[in-house]
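Engineer: next comes the sequence, and after it the predicted model I'd like to discuss.
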Amino acid sequence: IARDITERKAAEERLRAFAPCLLEFSPDTRANINRMVAMCGNLLGGDMALYNRLEENLIRAVGQWHTPPDYPVQTRAEGRVCLDVIRRSLDAPVLVRDLQNSPYATSDANVKHLGLRTWVGMAVKCRGQTAGSLCVMFRKDQVPSEDQLNFLRLAGFALSVEEERRRQAKMQELLTQIAAIYINLPLDRVDEAVQGSLGDLGRFVDADRVYIFEYDFVHDNCRNTHEWCAEGVTPQIQELQEVPLSILPRWVDVHRRGEAMHIPDVQALPPEDGVRQILEPQGIRSLLAVPMMDGGRCLGFVGFDYVRGLHDFADLERKLLTVFAEMMASIRLRREMEETLRLHREKAEAANQAKSEFLANMSHEIRTPMNGVIGMTGLLLDTPLNEEQQRFARTAMGSAESLLTLLDDILDLSKMEAGKLTLDQSH
């Protein structure tokens, strides 16, 4: 009875400490994680405590309590105790005793180096996927009570919330960085920037492929314009040019309504489904494709593919892809606008050139007979004329010379517009 009372009081003490710890949480996710790790280590009576996050093939110690100064922040994941907890992704704490006589004594260097005997850990999940593990380590044989394990489960849930906050902040940062790239970016550098952005998105959501397609409703097809693939994933861009829309009627209808195409399991589609017939040869298991819209006009779509396993898309990933689709739609509209301006400019330049050539030709054609008029009038003035006849002839000569000057000015203007005017330097 006394032992039960002691354990109950210890459990109450842990719960009393838990609430203030949460209230002290700040926007600093790293500080919050370290605070939670320290509380778990202290209240479970451990020698050390860690929160390890799995990043690609590495284990990163994000939160530490009472670890040695030389404890490695980052190590290879394979063989580590915490990696097995992450992979098993259980909703209950995992207890490992007698570590010194277990396979971990050789596969996990920390077991021998730190003299660990007992390890208890809890998988921390984010968006339904395990992000890391919260663990408390002991240098003695230890069997945590049920209340202690429940407390560890509660702490793991709190860290899940922190992971979600961290991920949202990271997404905002990523979108801000991507958006900043395209501000005033010359169009001849857009393709290179888009390729880099696809890689950033793919690594953030751990996708196998990220891509952009453009719809061509005039020719009733679509084509893959950009693609990023994770290491070891086969590119498909060369196989996805001028894909007929007739084999994807449902897909196209969904996008033209401005809705995302979400396929959680490609193999769950009917075998005769055109979408499955396109996706299955590419090895795609799960897919999310969001349309690029200009009002009610569908320009294309951007998408995430998962080929190494099924994927449950979270709201965060949908938002990320939707915002990126809006960015790409803006880029596409900018391309169209600049192309329209280029065509109008070329037409205006062609019309101006035609006008200049017309003026030059007309000036030349009129100038030739005008020279004849001036010459003949000059010869006429050299003949015997009465006073009235001379006055008429001089008036004709003056008018002809004025008209010739005007024709010369028109000819110079047409040469100037054509860029062929030459200046004679007078001394």
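Structural biologist: Yep, it's here.

Engineer: I'd assumed I59 was in contact with Q74.
Structural biologist: Yes: here Q74 reaches I59: they are 7.1 Å apart, a contact under C-beta atoms under 8 Å. Heads up, the C-betas are built off the backbone N, CA and C, glycines and all.

Engineer: so those two - more neighbours on which side?
Structural biologist: I59 (26 against 12; other C-beta atoms under 10 Å).

Engineer: OK, contacts around that one?
Structural biologist: Counting by C-beta atoms under 8 Å, 6 or more residues apart in numbering, I59 makes contact with 52-53, 74-77, 80, 82-83.

Engineer: same check on F304?
Structural biologist: 201-202, 205, 207, 209-210, 287-289, 311, 313, 317, 321.

Engineer: ok, P249 next?
Structural biologist: Per C-beta under 8 Å, 6+ apart, neighbours of P249: G274.

Engineer: that older thread, mark which of the contacts of I59 are buried, thanks.
Structural biologist: By neighbour count, with 16 or more other C-beta atoms under 10 Å, the contacts of I59 hold 52-53, 75, 77, 80, 82-83 as buried.

Engineer: now, which of those lie within strands?
Structural biologist: 52-53, 75 (DSSP state E).

Engineer: contacting residues around stretch 366-374?
Structural biologist: Here stretch 366-374 has contacts from 396-397, 400-401, 403-404, 407-408, 411, using C-beta under 8 Å, 6+ apart.

Engineer: for stretch 108-118, same thing?
Structural biologist: Contacts for stretch 108-118 (C-beta under 8 Å, 6+ apart): 48, 68, 71, 75, 79-81, 95-100, 102, 104-105, 137-143.

Engineer: please identify the buried residues of it?
Structural biologist: 108, 110-111, 114, 116-118.

Engineer: hang on, the earlier thing: kindly reformat the contacts of stretch 366-374 as TSV containing pLDDT and secondary structure.
Structural biologist: Below are those laid out as TSV (pLDDT from 0 to 100; DSSP: H, G, I helix; E, B strand; the rest coil):
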residue	pLDDT	secondary structure
A396	86	helix
M397	84	helix
A400	83	helix
E401	85	helix
L403	82	helix
L404	80	helix
L407	75	helix
D408	78	helix
L411	73	helix
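
Engineer: ok, which pair from these is furthest apart?
Structural biologist: Greatest spacing in the contacts of stretch 366-374, by C-beta to C-beta: A396 and L411 (22.3 Å).

Engineer: neighbour count: the two, which is higher?
Structural biologist: Neighbour count, other C-beta under 10 Å: between A396 and L411, L411 has more, with 19 against 16.

Engineer: let me know how buried E162 is, in neighbour terms.
Structural biologist: 21.

Engineer: pLDDT wise, what is E24 at?
Structural biologist: As predicted, E24 sits at a pLDDT of 60.

Engineer: ok, of the contacts of stretch 366-374, which come out buried?
Structural biologist: The buried subset of the contacts of stretch 366-374 - by 16+ other C-beta under 10 Å - is 396-397, 400, 404, 407, 411.

Engineer: how close does F204 get to L320?
Structural biologist: 7 Å (C-beta to C-beta, to the nearest Å).
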